[in-house]
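A.B. asks: next comes the sequence, and after it the predicted model I'd like to discuss.
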Number of protein chains: 2
Amino acid sequence: MHSGANASPPTAGPGRERRPAGASPGRAQRPTMKDVAARAGVGLKTVSRVVNDEPGVLPDTAALVRKAIDELGFRRNDSARQLRTGRTGGVGLVLEDVADPFYCLLAGAVEQVARTHGSLLFAASSQDDPDRECELALALCERRVDGLIIVPAAHDHAYLAPELEAGMTVVFAERPPVNLAADTVLADNLEGARRGVGHLIEHGHHRIAFVGDAPDSYTTAQRLLGYRCAMAEARSPVDEGWIALAPPGPQLVRNTLTRLLDDPAEPVTALFTANSQVTVAVLRELAVRSRGTSAAPAPPRAPAPPPRRPALVGFDDIELADLLDPGVTVVAQDPTALGRAAARLLFERLAGDDAPPRTITLPTALIPRGSGELPPP
Amino acid sequence: MHSGANASPPTAGPGRERRPAGASPGRAQRPTMKDVAARAGVGLKTVSRVVNDEPGVLPDTAALVRKAIDELGFRRNDSARQLRTGRTGGVGLVLEDVADPFYCLLAGAVEQVARTHGSLLFAASSQDDPDRECELALALCERRVDGLIIVPAAHDHAYLAPELEAGMTVVFAERPPVNLAADTVLADNLEGARRGVGHLIEHGHHRIAFVGDAPDSYTTAQRLLGYRCAMAEARSPVDEGWIALAPPGPQLVRNTLTRLLDDPAEPVTALFTANSQVTVAVLRELAVRSRGTSAAPAPPRAPAPPPRRPALVGFDDIELADLLDPGVTVVAQDPTALGRAAARLLFERLAGDDAPPRTITLPTALIPRGSGELPPP
DNA sequence: CTGAAAGCGCTAACAC
DNA sequence: GTGTTAGCGCTTTCAG
């Protein structure tokens, strides 16, 4: 094809039919650069130059090549390019769940930064399963992503050590890695919780419960620490019974609230909920309790005294928190900022930054909306 | 290396140092199958067999190979594998925004299905920009994803015709393609809107407004059609002034509501909001109006009569809709079901289904929560 | 300015 | 059972 005999007009060639005899009829074979070169009557490298906008091609030659490309419907095969260049133009993101409204904001930020660097995003959900995190992270390494951002589910990240040694760039977000030194971006969980609980204390509360979920979660542990700090600073003794750590199922939350709020002797007057899932579960239960109290006994004519509602501050902002009554006061961390910082750090590393691993801590914001400013009875 | 001279003990080799002299110190060179083969003292193909769990390798040999793999920290390079096999084990998803709570549910479902087929997910946000959709879709084609799911932003999908011809599998979700025949998964927008508006009519409303955003959006158009159907079926005349089509910015929404609700002659008594963004914007504005009416003039002692609140049914479910007061009645489409159906369809095609393009329409669900059951004044 | 040749790391065909 | 060879489609190197 590349011999001097190939003197026929470039546009007149019938096109090479490369599909093997047995190929399925639906799956057409894609043309390659070689095909384009043949069609345009130029060398392979010239096509490559045109496709990659490299200089040193006569405009006329380039036009010829582009014509062939369009006619053939050629599209460069990135697998081959990646194999040769070593860069994939992709970053991997492993997090708990892409469908979660919190994490999808993080993912969105990562994608946006990646885009400015010409990279596409692999999004993978670990479902908070350590094995799955490992499996996904390694699958992404196998795909030779340029870099990896991980929101850890695993409690040991030694499995990544060989990858780091082999040159993989990894940044952890929201939770730090265990048994591994790597860049990390965190929210200031302890300080945020301290301020949130401090806010309740400022509004006159002393008997404040901490409602969290998994006790072995890093963020919950940090936030609990913040709670203890705030209480200690206020010289408020903590009853260990006020600390509820259980998955936020409706029944469990109900029991917890009953125990905390309906204790005739010493009910708590305020709740600090340790993350958005818990906050929502608690809000739902509080709503049920309100309805249960007011619906049956109070006739609609007399405005029933609203059932005593505990003050509430939640960690993590939640959608429509401002439209609820009362508005939900929260300690908001910014998942977008988290993702953006992690992605930026990643691309700095990819650009050659060799400094020792860094940890970036992002501030949280206290947003008063009503629920956290309710006074004690 | 592979000549007969290579008779040294397999495990004793110093390991090939393949890093070129000028390589940056941080980026180590990854070992290849060839390195593993040398280290284990076996042939390349044997390593390949072990890595791919192919049969026909003596357990002892396999153990030897695995040892070398671990020692070297070998991980198969998927780019090379992809180049050879033609399959990438990746699917692409182009949608408006991965950070959107609606679309991230769709993305989560796609990822979950992909996972059962051993595929990873590329998630890309078009930001509803036609050019960006095109750019991303073609970039994914260049990467030779096994298949592509697109939530269209573009108004013309002819640009994908060469890709389809070349064998790319594409499924459209939520909105149909234009100028292209391809598989599509839609929600029953028209019927959903018809039922939602019908619900308001059943509750005694006749003067019902339709509040949507972009008038050129497929979904808005379909839902408006559903609105007109319902009104026509009820023999309720439609005042074209009730149809508000504008982006849901706060000021615009405020003006719209003022026009619709404060008309002293003939205010509408109910609102049908055409998607979740509009619904939320309207709810926010209604809340402001309530506060504005009750805060200033009414002293806290006398329970001010609640400002007349229009009934409201929204298209799309929204987070915490049940906790608002009143609860928000919605016509819910199931983004997870949408994503799952699209992904399943995609993998059926990849498995060889050659039938002509199909369109799947998914039902919607009317969820009464209070706002849609408010009677007219 | 252009092109031929080498090879990225792997798998598919065949040797042995 | 195991090894050798020949590419996959591209970029790199170096020669015209």
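C.D. replies: Alright, I've got the coordinates. Numbering: from 1, shown residues only, chains lettered A, B, ... in the order given.

A.B. asks: nearest spatial neighbour of A:Ala274, skipping sequence neighbours?
C.D. replies: A:Gly212 (3.5 Å; CB to CB, 6 or more residues apart in numbering or on different chains). (Glycine included, C-beta is placed from N, CA and C.)

A.B. asks: bridged to that neighbour, which residues?
C.D. replies: A:Leu245 (DSSP bridges).

A.B. asks: what's the local residue count around A:Gly43?
C.D. replies: 12 (other CB atoms under 10 Å in any protein chain shown).

A.B. asks: separation between it and DNA strand C?
C.D. replies: 3 Å (CB to the nearest atom of the strand, to the nearest Å).

A.B. asks: in this structure that residue contacts A:Lys34, no?
C.D. replies: No - using CB atoms under 8 Å, A:Gly43 is not in contact with A:Lys34, being 10.1 Å away.

A.B. asks: could I get the contacting residues of the residue nearest to A:Ser125 when sequence neighbours are not counted?
C.D. replies: Distances taken as CB to CB, 6+ apart place A:Asp97 nearest to A:Ser125, at 4.7 Å, with adjacent residues excluded. If a contact means CB atoms under 8 Å, 6 or more residues apart in numbering or on different chains, then A:Asp97 has A:103, A:125, A:127-128, B:108 as its contacts.

A.B. asks: only the buried subset of those residues, as a ChimeraX command please.
C.D. replies: Selection of buried members from the contacts of A:Asp97 for ChimeraX, criterion 16 or more other CB atoms under 10 Å in any protein chain shown:
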select /A:103,125,128 /B:108
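
A.B. asks: which helix or strand lies directly C-terminal to the lowest-mean-pLDDT helix or strand in chain A?
C.D. replies: Every helix and strand in chain A was compared by mean pLDDT, DSSP states H and E; the lowest is helix A:276-295, with a mean of 83. Scanning forward in sequence from helix A:276-295 by DSSP states H and E, the next helix or strand is strand A:311-315.

A.B. asks: next, the angle from that next one to helix A:276-295.
C.D. replies: Interaxial angle, strand A:311-315 versus helix A:276-295 (axes from the mean of the first three to the mean of the last three CA atoms, to 10 degrees): 160 degrees.

A.B. asks: anything in strand A:311-315 near chain B?
C.D. replies: No - residues of strand A:311-315 contacting chain B under CB under 8 Å from any CB of the partner chain: none, with a closest distance of 12.4 Å.

A.B. asks: for the very next helix or strand once past that strand, packing partners?
C.D. replies: Reading on from strand A:311-315 to the C-terminus, the next helix or strand found by DSSP H and E is strand A:329-332. Applying 3 or more CB pairs under 8 Å, 6 or more residues apart in numbering or on different chains; DSSP states H and E, one finds that strand A:329-332 makes contact with helix A:189-202, strand A:311-315, strand A:365-367.

A.B. asks: now strand A:329-332: mean pLDDT?
C.D. replies: Over the span of strand A:329-332, the pLDDT mean works out to 98.

A.B. asks: now stretch A:55-75
C.D. replies: Mean pLDDT, computed over stretch A:55-75, is 91.

A.B. asks: ok, stretch A:230-238 next?
C.D. replies: In this model, stretch A:230-238 carries a mean pLDDT of 97.

A.B. asks: in it, what counts as buried?
C.D. replies: For stretch A:230-238, by 16+ other CB under 10 Å, it's A:230-231, A:234, A:238.

A.B. asks: would you confirm that A:Ala234 contacts A:His199?
C.D. replies: No - with contact defined as CB under 8 Å, A:Ala234 does not count as touching A:His199 (11.3 Å).

A.B. asks: returning to that earlier point: export the contacts of A:Asp97 to a markdown table and tack on distance to B:Val278, secondary structure and pLDDT?
C.D. replies: Output for the contacts of A:Asp97, formatted as a markdown table (distance: CB to CB, whole Å; DSSP: H, G, I helix; E, B strand; the rest coil; pLDDT from 0 to 100):
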| residue | distance to B:Val278 | secondary structure | pLDDT |
| --- | --- | --- | --- |
| A:Tyr103 | 25 | helix | 97 |
| A:Ser125 | 29 | strand | 98 |
| A:Gln127 | 33 | coil | 97 |
| A:Asp128 | 34 | coil | 95 |
| B:Gly108 | 24 | helix | 98 |
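
A.B. asks: dump the contacts of A:Asp97 to TSV, plus distance to DNA strand D.
C.D. replies: Shown next, in TSV, are the contacts of A:Asp97 (distance: CB to the nearest atom of the strand, whole Å):
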residue	distance to DNA strand D
A:Tyr103	34
A:Ser125	31
A:Gln127	34
A:Asp128	38
B:Gly108	33
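
A.B. asks: can you tell me which two in the contacts of A:Asp97 are farthest apart?
C.D. replies: A:Asp128 and B:Gly108 (13.7 Å; CB to CB).

A.B. asks: is chain B contacted by the helix or strand containing A:Ser48?
C.D. replies: A:Ser48 is part of helix A:44-51, with elements assigned from DSSP H and E. No - using CB under 8 Å from any CB, helix A:44-51 stays clear of chain B, coming no nearer than 10.3 Å.

A.B. asks: ok, residues contacting that helix?
C.D. replies: A:33-34, A:36-37, A:40, A:54-57, A:61-62, A:65-66, A:68-69, A:76.

A.B. asks: out of those residues, which are buried?
C.D. replies: Buried among the contacts of helix A:44-51 by 16+ other CB under 10 Å: A:33, A:36-37, A:40, A:57, A:61-62, A:65-66, A:68-69, A:76.

A.B. asks: what residues does the stretch 251-377 of chain A put near chain B?
C.D. replies: So the stretch 251-377 of chain A meets chain B at A:280, A:283-284, A:287, A:303, A:318-320, A:322-325, A:336, A:352, A:354 (CB under 8 Å from any CB).

A.B. asks: ok, 6 Å please
C.D. replies: When proximity is defined as CB under 6 Å from any CB of the partner chain, the stretch 251-377 of chain A approaches chain B at A:283, A:287, A:303, A:319-320, A:323-325, A:354.

A.B. asks: can I get the buried ones among the contacts of helix A:44-51 in TSV including distance to chain B?
C.D. replies: Listed next are the buried ones among the contacts of helix A:44-51 as TSV, based on distance: CB to the nearest CB, whole Å:
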residue	distance to chain B
A:Met33	13
A:Val36	13
A:Ala37	18
A:Ala40	17
A:Val57	21
A:Thr61	23
A:Ala62	19
A:Val65	17
A:Arg66	14
A:Ala68	13
A:Ile69	10
A:Arg76	6
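
A.B. asks: JSON lines please, covering the residues you listed and showing secondary structure and distance to A:Ala246.
C.D. replies: Below are those laid out as JSON lines (DSSP: H, G, I helix; E, B strand; the rest coil; distance: CB to CB, whole Å):
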{"residue": "A:Met33", "secondary structure": "helix", "distance to A:Ala246": "60"}
{"residue": "A:Val36", "secondary structure": "helix", "distance to A:Ala246": "63"}
{"residue": "A:Ala37", "secondary structure": "helix", "distance to A:Ala246": "66"}
{"residue": "A:Ala40", "secondary structure": "helix", "distance to A:Ala246": "68"}
{"residue": "A:Val57", "secondary structure": "coil", "distance to A:Ala246": "67"}
{"residue": "A:Thr61", "secondary structure": "helix", "distance to A:Ala246": "71"}
{"residue": "A:Ala62", "secondary structure": "helix", "distance to A:Ala246": "67"}
{"residue": "A:Val65", "secondary structure": "helix", "distance to A:Ala246": "66"}
{"residue": "A:Arg66", "secondary structure": "helix", "distance to A:Ala246": "64"}
{"residue": "A:Ala68", "secondary structure": "helix", "distance to A:Ala246": "66"}
{"residue": "A:Ile69", "secondary structure": "helix", "distance to A:Ala246": "61"}
{"residue": "A:Arg76", "secondary structure": "coil", "distance to A:Ala246": "54"}
